[in-house]
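Engineer: Predicted model follows, preceded by the sequence.
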Amino acid sequence: MKPPPFDYFAPTSLEEALVLRSEHGDGSVMLAGGQSLIPLLSLRLALPAAVIDLGRVPGLAGITPLDGGVAVGAMTRQRELERSPLARDRLAFVVEALKHVGHVTIRNRGTVGGSIAHADPAAELPAAVLALDAQLVACSVRGERTIAAGDFFRGLYTTALEPDELLVEVRFSDAPACSRSAFIEVARREGDFALAGAGASIALNGGREIADARLVFIGVDTRPVRATEAEEALRGSEPSVEMFREIAEAAVQGLEPISDLNGTRAYRRRVAAVVARRALVAATTSA
Ligand SMILES: Cc1cc2nc3c(=O)[nH]c(=O)nc-3n(C[C@H](O)[C@H](O)[C@H](O)COP(=O)(O)OP(=O)(O)OC[C@H]3O[C@@H](n4cnc5c(N)ncnc54)[C@H](O)[C@@H]3O)c2cc1C
């Protein structure tokens with residue numbers, strides 16, 4: 001199908017983009033990498049009055065070291081982040097997650113900010129942002145504010161961004177020393193959105209106990225889910241496959257995945273437990 005008619009704007013400065021966003025509010029969408037938006041327009045699942053193309057706005061892309069973290073501009077292409085030596089060194093969890101995002105051609109165009117703002121519950125980047133307690137920087141004509149990842153994802157394709165705001169940057173803090181991570185998912189075909197997936201990060205202390213643990217699920221709720229109780233249970237314990245199995249089984253009990261043609265609720269919950277255990281084992285083995 002053809003997209004519906006809309007007004008197209010191509011601002012050349014952030015100020016111009018913010019004014020357009022403020023004028024068009026809820027009736028506007030941003031064209032970042034277009035990997036989700038263009039299909040939505042073509043299928044007429046999105047009917048915006050205005051499309052604001054961020055492609056000519058300078059200063060929105062880049063990967064910058066911070067004191068104790070890394071800042072990633074919203075328009076940074078997913079593939080650029082995946083291949084960045086800085087990200088490989090300091091954002092290993094994010095790099096692991098990115099490997100599962102569609103295919104390389106999609107990651108070549110898709111942006112970091114686009115994936116996070118789109119907030120697909122089966123998307124990997126939002127889960128990584130949540131697991132790492134990242135800070136999301138939003139801008140509007142009213143000014144700038146920082147939103148904690150834990151407060152950002154509100155529900156199905158819904159975020160804490162106001163109708164006049166743009167996501168401009170993601171700020172990650174450095175992971176605890178010696179953290180290792182793994183992202184494991186099950187999809188119908190390589191590159192498809194996950195039926196269920198889990199990302200884990202584990203840091204061991206000198207006594208081989210778990211000093212820090214992160215565990216997140218995708219595809220099992222209306223937004224990415226952080227398994228905070230499981231993380232608490234893991235901290236301070238000695239890793240073992242049996243303990244990971246028990247913790248993974250317990251972590252999925254509260255999940256309410258959808259049932260659809262691709263899998264029932266019970267199946268997705270079962271898959272979630274298996275991928276969580278495997279992700280914990282894989283992260284610990286490399287740690
Ligand atoms: C075949 C296929 C398979 C895919 N598989 C996966 C997958 O397995 N995992 C996965 O995570 N993703 C997958 N994707 C989606 C891909 O990751 C997209 O790149 C991503 O969801 C959206 O990023 P984008 O830059 O393309 O944003 P766009 O499509 O341009 O925009 C998406 C939405 O985000 C909003 N938006 C964009 N940028 C901003 C901003 N800076 N501030 C505020 N709002 C903004 C737009 O208004 C729009 O509503 C797949 C896509 C395709 C086509």
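Structural biologist: Arrived safely, thanks for sending.
Engineer: The stretch 101-250 of the chain: helices as residue ranges?
Structural biologist: Read by DSSP state H, counting those that start in this stretch, the stretch 101-250 of the chain holds these helices, from start to end of the chain: 104-109, 112-118, 124-131, 149-152, 228-234, 241-251.
Engineer: Looking at those, which one is packed in the most?
Structural biologist: helix 124-131 (a mean of 27; mean count of other C-beta atoms under 10 Å). Bear in mind the C-beta positions are built from the backbone N, C-alpha and C, glycine included.
Engineer: Which residues outside it are in contact with it?
Structural biologist: Outside helix 124-131, the residues that touch it by C-beta atoms under 8 Å, 6 or more residues apart in numbering are 78, 93-94, 97-98, 100-101, 112, 115-116, 119-120, 134, 136, 149-150, 152-153, 170, 172, 183, 185, 194, 197, 199, 201, 214-218, 223-224, 226.
Engineer: can you rerun that using 6 Å?
Structural biologist: Applying C-beta atoms under 6 Å, 6 or more residues apart in numbering, the contact partners of helix 124-131 are 93-94, 97, 100-101, 115-116, 119, 149, 153, 199, 214, 216, 218, 224, 226.
Engineer: same question, stretch 164-177
Structural biologist: By C-beta under 6 Å, 6+ apart, stretch 164-177 touches 21-22, 25, 68-74, 90-91, 113, 117, 132, 134-140, 203, 212.
Engineer: If we check the ligand, which of these are in contact?
Structural biologist: A74, G113, A117 (C-beta under 6 Å from any ligand atom).
Engineer: list the contacts for the second one?
Structural biologist: Applying C-beta under 6 Å, 6+ apart, one finds that G113 lies in contact with A74, L167.
Engineer: make it 10 Å
Structural biologist: 30, 32-33, 54, 60-61, 72-76, 125, 136-137, 166-170 (C-beta atoms under 10 Å, 6 or more residues apart in numbering).
Engineer: Could you check the pLDDT of it?
Structural biologist: G113 is assigned 98 on the pLDDT scale.
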